[in-house]
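**Student:** I'll drop the sequence and a predicted model, then ask my questions.
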Amino acid sequence: MTLEQPLLFEQDTPGRCGVDLPEPAPVAERLGGLRRQGRIGLPGLSEPEVVRHYTRLSQQNYGIDTVFYPLGSCTMKHNPRLGEAMARLPGFADIHPFQPVATVPGALELIDTLADWLMRLTGLPAVAMSPAAGAQGELCGLMAIRAALEHRGDARKRVLVPESAHGTNPASAAMCGYAVDPVPANERGRVDLAALKAKLDDDVAALMLTNPNTCGLFEDQILDIARAVHDAGAFFYCDGANFNALVGRVRMADLGIDCMHINLHKTFSTPHGGGGPGAGPTVLSAALAPFAPLPRVVRGADGLRLVEHEAEADGHPFGRLKGFHGQFGVFVRALAYILSMGADGLRQVSGDAVLNANYLMVRLSEAMTPPFAGPCMHECLFDDRALKDTGVTTLDLAKALLDRGFHPMTMYFPLVVHGAMLIEPTETESRATLDAFADAVLDLVRQAKAGEAAMTQAPVGTHRRRLDETRAARQPVLRWQD
Amino acid sequence: MNDLRFTAEHEWVRVENGVGTVGISDYAQQQLGDVVFVELPPVGCKLPKGDEAAVVESVKAASEIYAPVTGEVIEINEAVNAQPGLVNESPEGEGWFFRIRIADEAELATLMDADTYAGYLKDLD
Amino acid sequence: MRYLPLTGADRRAMLERIGAAEIDALFRDVPAEVYDKADPGLPGHQGEMEVERRLKAMAARNLSADAAPCFLGAGAYRHHVPAAVDAVIQRGEFLTAYTPYQPEVSQGTLQYLYEFQTQVALITGMEVANASMYDGATACAEAALMACRVTRRRRVVLSGGLHPHYRAVTASSARFQDVEVETLPPDPEAAEDLAACLDADTACVVVQNPGFFGHLRDLSALARACADAGALLVVAVAEPVSLGLVTPPGAMGADIVVAEGQPIGNALNFGGPGLGLFATRRRFVRQMPGRLCGETVDAEGRRGFVLTLSTREQHIRREKATSNICTNSGLCALAFSVHMALLGEEGFRRLAALNHARAVRTAERLEAVAGVRVLPGAFFNEFALRLPKPATAVVEALAARGVLGGVPAARFYPERAELADVMLVAATETVRDADIDRLAAALAEVTA
């Protein structure tokens, strides 16, 4: 049972307060006449009210801690609590970004240690640590590519992006000033190599490719793809969202990749937090490394240095992507995870992730149809042919799963598959959980085919039933107002 | 007799005295689902045939609307700004988007009449 | 391994069901010449105890701000965060949830985002706010690009009082989008004339209040000048606690307000993760970047919340999206919102007043140090000093005496000799009288 919880603003009792702060000492104010006038409108609540408010709100959520959460392409796996504890050590949490660098050698050591692991795991010689999330990592890679091309006087205008790509890829290319040119897939769910080659010319700056791709498949012609891209004088950007399928087994450099962002909140298990914060360190080839953004942590003869200015930097940094020195708190959690798993553990991570996905693919294929033959990598993809003529859609099936205590899979993505259902179980789920999920999906498909269930009304047992998104968008109400 | 002429991208145009009224077809609104927002071109803007003229949005999709003929936008339908649902309720009537002064009526010959468009839709399915 | 539930027996049984001999067989699409060539030089897995020891040893090498009087600001501020904030954000239902794309099982996240948007709109004095960006600097860059979309112009003017990282991030974003950036020189005396920089191509003027050097300014006249020129006024706020005491940008006529939300509810964390706040006028909402949460009803007519106006975003609009942002700062927004809920009207105002009082007291004490001058002008909780010696050396000497006394302007502008003696000093409610005494004494000693 989840209880109704009014908005904070509806619980206002003027004069109530959840903190005890001392009376400010009287001083000669120096506000230059800019003292704020009138009531701000913030509600007054005591600490017990606030804690109950948020505890009740939390109970309206599904999280990995409470349910199986097989969102394809999102990698919702267990978030170890060791990382939370370590990130709260005062020596990490309570250090200021502009302390004299000599007072934070441990912070530089942490960044450098994590960077070293990321470079070794990918085989690439450099890494830009500052990108705040995957999409910013994409931007980082593309900006480095554009800077490198401009440096050699090569003003290319297009970036090739497969039709199945995550939406951030074309959006990042556009933010970097490139025109996006889509690349079709072949009948096996991979890049159509002939079509790609036909598009590659001296106007193409880069190919952005997710590998394993968004259909959950390894791009088995990747070495040919890389060769073709490089022969055209372009760079090969890999979207590293699915690196968790390969970590410890394949070094991305060996595939011919020039740069790749790594979502620490996916492969390296830092919490998604309801939509962030993430981190997107971006590994770079030797050709791109000189253009990496500021700041950089650099190893020198006398230890680690924090390079914050172009004049102190080797090469030609393209600029700066975010404030301060990167998502340091996320780095601490990622390193705690990496040190815990070690090289052998990370290899087991990719193995178990791929094993779990293939197991679900086989079990669900009892009644559902994968558009492409396996084996899959860390996620398995189905289309909606099993639901044809039942009146039940992919959306209905997903919503019905909510009533069975599962978070649904990713729906209607990738766009290239009709009614797509993309299922990523991750390595942190047991066989029993996978079986329970498979049983639930198969039972729902059976019900749909038998015309038994009113699935189009699902969910019925959640805190809220289906929400009217049309109303929300037609007359947007984006804040409380009394 | 339906006096609308259609494009392959599902825009329609109705011509009176050298002025075309432009909207999207009933088929297009069905494909989009509930329309939540329409972004219309500024009055006075000159559009070559095939250029992006407007954007129509549902909750989960946004589609560009292209000028079916070359001309100057002389009026926009404020009613669909206030009530985007009109595009669903009356796509080929009250849910029109804008009026355009047609530069060259010969371009109309490249568009489909209602019967041809109906056959075109049949082939799409 | 403690995070992996599969046993050897599980794996064998599952492989048998799949019809594969071993896990390696599932990787058969990977070209053999690149499979399993990973560096064997990396260490193996470790227990919690060993990892804890290693990381604690790293943490111990840093001088944490709770172990020294801390007067550091320059865009990151150390405030006391109530214990309830951390308890709430560590609840697994918040910590381990994804972006709330399934609203039926995400009402907790969606309601706090709606409350967060309301709080941000209220304190900035704006009509609407989004569900957060990465940090203040990236929010600033996004605001400049949004102003270009709104005005259909391609030139932005950046104040010399804007945080140098905000300037650099905005310039980097603009560089690749064919947007012209005019960056005014650093402005420690708050003497620049931004209105004079407006022309018919100007999309926006970006100014920070309180400024990077601490100055508070009335931006009303600048807002009018921008409106007359058809440009937008973007105001950045690096210290949002100031909004409890100082006239908000919305009341001065700002069109877009961006801010760094870290100082409320979030620890310093060496500068990351941050929390970008982004607020604007209602009529610009469709040009806004980032996620937005809106109110609606469910199938039974009950109030509920959803992510809305998503057609602005990359997952639908792809290369035509308003931004490429996807993941933002959800959990940091929760921390901000819980802290704001605990503060409420009374607590937020008092916290701001306390900060100002501490800073005034600090300024008064430091003005009395021989050779030290506080730069004139109004301020909130941070101000700039001119020192009789280069500030970088002074700051290092203070640190050697166990005092984190300030941030030298030369850390950001090493090439500018005229800023070599400028030091920024911030004082929040965490600063005690004894800390101020220690700073004053140490400063007298090292500048003598």
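**Tutor:** All right, it came through fine.
**Student:** all contacts plus neighbour counts: C-alpha atoms, from now on.
**Tutor:** Will do.
**Student:** low pLDDT regions in chain B?
**Tutor:** B:1-2, B:125 (pLDDT under 70).
**Student:** Nearest residue to the middle of it?
**Tutor:** B:G23 (2.5 Å; C-alpha atoms, centre = their mean).
**Student:** quick check, it in a helix?
**Tutor:** No: secondary structure of B:G23 (DSSP: H, G, I helix; E, B strand; the rest coil): strand, not part of a helix.
**Student:** measure it to chain C for me?
**Tutor:** Distance, B:G23 to chain C, using C-alpha to the nearest C-alpha, to the nearest Å: 20 Å.
**Student:** so how far is the helix-or-strand element of chain C with minimal mean pLDDT off the chain centroid?
**Tutor:** One helix or strand of chain C scores below all others by mean pLDDT, DSSP states H and E: helix C:314-317, with a mean of 84. Averaging C-alpha positions (C-alpha atoms, centre = their mean, to the nearest Å) puts helix C:314-317 25 Å from its chain's average.
**Student:** Kindly report the same for stretch C:132-152.
**Tutor:** That offset, for stretch C:132-152, works out to 14 Å (C-alpha atoms, centre = their mean).
**Student:** Pull out the buried positions in that stretch.
**Tutor:** C:132-150 (16 or more other C-alpha atoms under 10 Å in any protein chain shown).
**Student:** same question, stretch B:60-77
**Tutor:** Buried residues in stretch B:60-77 (16+ other C-alpha under 10 Å): B:60-63, B:65-77.
**Student:** so how far is the longest helix seen in chain C from its chain's centroid?
**Tutor:** Secondary structure of chain C read by DSSP state H shows that its longest helix is helix C:330-367. Chain-centre distance of helix C:330-367: 16 Å, with C-alpha atoms, centre = their mean.
**Student:** ok, now stretch A:163-173?
**Tutor:** For stretch A:163-173, the distance to the chain centre is 13 Å (C-alpha atoms, centre = their mean).
**Student:** in it, what counts as buried?
**Tutor:** A:163-173.
**Student:** And stretch C:99-110, by the same measure?
**Tutor:** Those would be C:99-100, C:102-110, for stretch C:99-110 by 16+ other C-alpha under 10 Å.
**Student:** With stretch C:250-257 instead?
**Tutor:** For stretch C:250-257, by 16+ other C-alpha under 10 Å, it's C:250, C:252-257.
**Student:** got a pLDDT number for the residue of the stretch 301-450 of chain A found nearest chain B?
**Tutor:** For the stretch 301-450 of chain A, the residue closest to chain B is A:Y412, as judged by C-alpha to the nearest C-alpha, at 10.7 Å. At A:Y412, the model reports a pLDDT of 91.
**Student:** Other residues contacting stretch C:385-392?
**Tutor:** C:371-375, C:407-411, C:420-425, C:447 (C-alpha atoms under 8 Å, 6 or more residues apart in numbering or on different chains).
**Student:** at 7 Å instead, please
**Tutor:** If you take C-alpha atoms under 7 Å, 6 or more residues apart in numbering or on different chains as the criterion, stretch C:385-392 is touched by C:371-375, C:408, C:410, C:420-424, C:447.
**Student:** roughly how far is that stretch from the heart of the chain?
**Tutor:** 27 Å.
**Student:** Can you give me the end-to-end span of it?
**Tutor:** 13 Å (C-alpha to C-alpha, to the nearest Å).
**Student:** for it, what is the average pLDDT?
**Tutor:** pLDDT averaged over stretch C:385-392 gives 98.
**Student:** So which residues of chain C form strands?
**Tutor:** Assigned strands in chain C, in chain order: C:128-129, C:155-158, C:180-183, C:202-208, C:232-237, C:256-260, C:276-280, C:293-297, C:303-307, C:373-374, C:382-386, C:407-408, C:422-426 (criterion: DSSP state E).
**Student:** Quick check: closest non-adjacent residue to C:P100.
**Tutor:** Beyond its immediate neighbours in the sequence, the residue positioned closest to C:P100 (C-alpha to C-alpha, 6 or more residues apart in numbering or on different chains) is C:S106, lying 5.3 Å away.
**Student:** one step back: between the buried residues of stretch C:250-257, which sits nearest chain A?
**Tutor:** C:M252 (10.2 Å).
**Student:** Check what pLDDT that closest one gets.
**Tutor:** On the pLDDT scale, C:M252 gets 98.
**Student:** Which residues are in contact with it?
**Tutor:** C:219-220, C:223 are the contacts of C:M252 under C-alpha under 7 Å, 6+ apart.
**Student:** These in helices, which ones?
**Tutor:** Short answer: the contacts of C:M252 in helices (DSSP H) are C:220, C:223.
**Student:** Relative to chain A, which of the contacts of C:M252 is nearest.
**Tutor:** Nearest to chain A among the contacts of C:M252 is C:L219, at 10.2 Å by C-alpha to the nearest C-alpha.
**Student:** Can you tell me, leaving aside adjacent residues, what's nearest to that closest one?
**Tutor:** Using C-alpha to C-alpha, 6+ apart, the nearest residue to C:L219 is C:M252, at 5.8 Å.
**Student:** Residue ranges in the chain under the pLDDT threshold?
**Tutor:** Let's take chain A. A:1, A:453.
**Student:** Not quite, go with chain C.
**Tutor:** For chain C (pLDDT under 70), the answer is C:38-40.
**Student:** ok, now with 90
**Tutor:** C:37-41, C:177-178, C:310-328 (pLDDT under 90).
**Student:** give me every residue that touches A:H272.
**Tutor:** Counted by C-alpha under 7 Å, 6+ apart, A:H272 has contacts A:265, A:278, C:95-98.
**Student:** Many thanks, we can stop here.
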